[in-house]
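Colleague: give me the fold of what follows.
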Amino acid sequence: MALARTGGKNPFKDDQVVVAVRTFAWEGGTVTQGEKHRGRDHVVERNWTAFADDATTLPSEYENPFDGPPPPEHAPPAHVHTTSIPVFRQVVSAVDLMQPVKWAPASPGTETNRPPPFVRTHLRRGQILDVLSPVVKQNPGWFVWPKREVSAADVERFERYEPEVK
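Modeller: Predicted coordinates:
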């Protein structure tokens, strides 16, 4: 490929037609492989190493994106662990609330009789909690039993334990 490199200076003439040998992005947008420009165009003056003379460069001589370095390896996505609360013990919060947390037992803060600084617990409407959690036990009026659709497993469970309705 006739890719000229002349010490940081655009080697193309003003009226010379040049072709992009690779796809790249620059501050003015994106140039795709095979685009043709004049040598005086701003994109060519700024990125002249990505261009070659259109008259002497065949499309088969363009850069192959698969010959370059491999893409960077990224860390695997974060895995979110959920605690599974049995369906029969789930309750849904009916309130939005933010309360200060309590001091840990036997900590120096318990003797000050002041709330802990800057730390709050959040309870959001629609949040699902275990019916046996301390928050639900202390404030049962803040929670409702979730409504759910009837499933085939529900029907089978009742068929086993209930006599058939006639």
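Colleague: roughly how far is the lengthiest helix in the chain from the heart of the chain?
Modeller: For the chain, the longest helix by residue count, based on DSSP state H, is helix 152-161. Here helix 152-161 is found 40 Å from its chain centre; the criterion is Cα atoms, centre = their mean, to the nearest Å.
Colleague: and stretch 38-54, by the same measure?
Modeller: On Cα atoms, centre = their mean, the centre of stretch 38-54 falls 36 Å from that of its chain.
Colleague: how about that stretch: buried residues?
Modeller: Residues 39, 41, 43, 44, 47, 48, 50, 51, 52, 53 are the ones in stretch 38-54 that count as buried (16 or more other Cβ atoms under 10 Å). (Glycine included, C-beta is placed from N, CA and C.)
Colleague: from those, which is closest to residue 62?
Modeller: residue 52 (8.1 Å; Cβ to Cβ).
Colleague: is the most centrally placed residue in the chain in a helix, a strand, or coil?
Modeller: Among the residues of the chain, the one closest to the centroid is residue 77, at 8.7 Å (Cα atoms, centre = their mean). Three-state call for residue 77 (DSSP: H, G, I helix; E, B strand; the rest coil): coil.
Colleague: check contacts around it.
Modeller: Shown in contact with residue 77 (Cβ atoms under 8 Å, 6 or more residues apart in numbering): no residues.
Colleague: re earlier: just the ones of the buried residues of stretch 38-54 in helices?
Modeller: Going by DSSP H, the helices hold 43, 44 from the buried residues of stretch 38-54.
Colleague: now, which of the buried residues of stretch 38-54 sits nearest residue 138?
Modeller: Among the buried residues of stretch 38-54, residue 47 lies closest to residue 138 (Cβ to Cβ), at 65.7 Å.
Colleague: for the residue nearest to the closest one when sequence neighbours are not counted, give the beta-bridge partners.
Modeller: If the residues on either side of it in the chain are set aside, residue 47 comes closest to residue 26, at 5.6 Å by Cβ to Cβ, 6 or more residues apart in numbering. With DSSP bridges as the criterion, residue 26 is bridged to residue 29.
Colleague: begin at 34 from here
Modeller: Got it, first residue is 34 now, which makes that one residue 59.
Colleague: ok, so what distance separates residue 59 from residue 53?
Modeller: Going from residue 59 to residue 53 by Cβ to Cβ, to the nearest Å gives 11 Å.
Colleague: more neighbours: which of those two?
Modeller: More crowded of residue 59 and residue 53, by other Cβ atoms under 10 Å: residue 53, with 22 against 12.
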